[in-house]
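Undergrad: please work out how this folds:
(chains A, B, C and D)
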2 protein chains.
Amino acid sequence: MRIGELAERSGVSRDTVRFYERNGLISSVAGQSETNNYRDYPEENLVRLNFFVKARDAGMSIADMRDIIEAMDGRCDASLARNVIESKINELKERADQIQRVIEFLQRGPDPDGDFAPGN
Amino acid sequence: MRIGELAERSGVSRDTVRFYERNGLISSVAGQSETNNYRDYPEENLVRLNFFVKARDAGMSIADMRDIIEAMDGRCDASLARNVIESKINELKERADQIQRVIEFLQRGPDPDGDFAPGN
DNA sequence: AAAAACAATAGACCATGGTTTATGGTTGGA
DNA sequence: TCCAACCATAAACCATGGTCTATTGTTTTT
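TA: Residues are numbered from 1 along each chain as shown, chains lettered A, B, ... in the order given. Next up is the predicted model:
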């Protein structure tokens, strides 16, 4: 499909698609037309972009996403890939825990102290 | 205390302290010395900074943090403050959920599809 | 055919969250 | 006294994650 369709169906802008491509997150191939140089974006990019949007909302960086898709693409050996994924999962869990701590702080108050509590 | 001590004890750099102050997250008062214009950072800033570090690690923006401390400082009425805090809590929960979804994706595979799965 | 919509490329621009540099003054220990 | 470490201020700089503009060419729609 062409970039506009991909952008439309994935919910990110054309510019963002190009930005992601420049940063190695997705890839396109030369189109079959002789008259233009429109690129063709294979269907799989749609799946990826759906993931990127989720991952972005979860606070994941472009570099992290790239690590993950490279690991998943089997460009490196399977056990290394598993390690990469595992470590990203652990980072995400850390982050979720940290969020939980902040939520608790906001709900109940600061750790031991008195001032700067939500109950003020 | 002076900026260096605050930075040291809070674990952020002096530059970051100044940056946070410029952005309304903490405040200082003029020092008592006649010969210099060193600022004095009240103890409470330490408590705040401890929170900011947590909040930052949880992915909270400066603007969000500012909203929270302004709400907690009682500069606006209590019910409004509670609303602000509540909505930040909800945003954090959203974020945590999103992270959980990404974790599950990475552990089990994509939603319905076949390609781009961690199992590759 | 003419206009509107789309595409490619390159580079400028923007906000966010800091960090670094430059300049000049202050303080504390050897 | 002299140097290292500290402080203040302002402005420049940086990476990240995009977004916007300009230019040029291609479809598609009317």
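
Undergrad: every contact and neighbour count from this point should use C-alpha atoms.
TA: Will do.

Undergrad: show me where chain A has its strands.
TA: In chain A, strands defined by DSSP state E lie at A:29-30, A:39-40, listed in chain order.

Undergrad: the last one pairs with which strands, parallel or anti?
TA: Based on DSSP bridges, the strands next to strand A:39-40 in the sheet, each with its direction, are strand A:29-30 (antiparallel).

Undergrad: which residues make contact with the partner strand from outside it?
TA: Counting contacts by CA atoms under 8 Å, 6 or more residues apart in numbering or on different chains, the residues outside strand A:29-30 that touch it are A:Asn37, A:Tyr38, A:Arg39, A:Asp40, A:Tyr41, A:Pro42.

Undergrad: highest neighbour count among those?
TA: In terms of neighbour count, A:Tyr41 stands highest of the contacts of strand A:29-30 at 20 neighbours, by other CA atoms under 10 Å in any protein chain shown.

Undergrad: flag every residue of chain A that's near DNA strand C.
TA: Along chain A, the residues adjacent to DNA strand C under the rule CA under 7 Å from any atom of the strand are A:Arg2, A:Ile3, A:Gly4, A:Glu5, A:Arg14, A:Asn37, A:Tyr38, A:Arg39, A:Asp40.

Undergrad: contacting residues around the residue nearest to the first one when sequence neighbours are not counted?
TA: Spatial nearest neighbour of A:Arg2, excluding adjacent residues (CA to CA, 6 or more residues apart in numbering or on different chains): A:Asp40 at 5.3 Å. Under the criterion of CA under 8 Å, 6+ apart, the contact partners of A:Asp40 comprise A:Met1, A:Arg2, A:Ile3, A:Ser28, A:Val29, A:Ala30, A:Gly31.

Undergrad: and the fifth one, what pLDDT?
TA: So the one you mean is A:Val29. According to the model's per-residue confidence, A:Val29 sits at a pLDDT of 97.

Undergrad: now do the second one
TA: At A:Arg2 the predicted local distance difference test score is 97.

Undergrad: my read: it touches A:Glu43, true?
TA: No: the pair formed by A:Arg2 and A:Glu43 falls short of the contact definition of CA atoms under 8 Å, at 10.0 Å.

Undergrad: higher neighbour count, the two?
TA: Neighbours per residue (other CA under 10 Å) separate A:Arg2 from A:Glu43, with A:Arg2 holding more: 13 against 10.

Undergrad: could I get the contacting residues of the more buried one?
TA: With contact taken as CA under 8 Å, 6+ apart, A:Arg2 is in contact with A:Tyr38, A:Arg39, A:Asp40, A:Tyr41.

Undergrad: how close does the first one sit to DNA strand D?
TA: The gap separating A:Tyr38 from DNA strand D is 7 Å, by CA to the nearest atom of the strand, to the nearest Å.

Undergrad: can you tell me the closest non-neighbouring residue to that residue?
TA: The spatially closest residue to A:Tyr38, leaving aside those adjacent along the chain, is A:Gly31, at 5.7 Å (CA to CA, 6+ apart).

Undergrad: mind naming the longest helix for chain A?
TA: Assignment by DSSP state H gives helix A:78-108 as the longest helix of chain A.

Undergrad: so what secondary structure elements neighbour it?
TA: When contacts are defined as 3 or more CA pairs under 8 Å, 6 or more residues apart in numbering or on different chains; DSSP states H and E, helix A:78-108 sits against helix A:62-72, helix B:44-57, helix B:78-108.

Undergrad: give me the angle between that helix and helix B:62-72.
TA: 20 degrees (axes from the mean of the first three to the mean of the last three CA atoms, to 10 degrees).

Undergrad: all good on my end, thank you.
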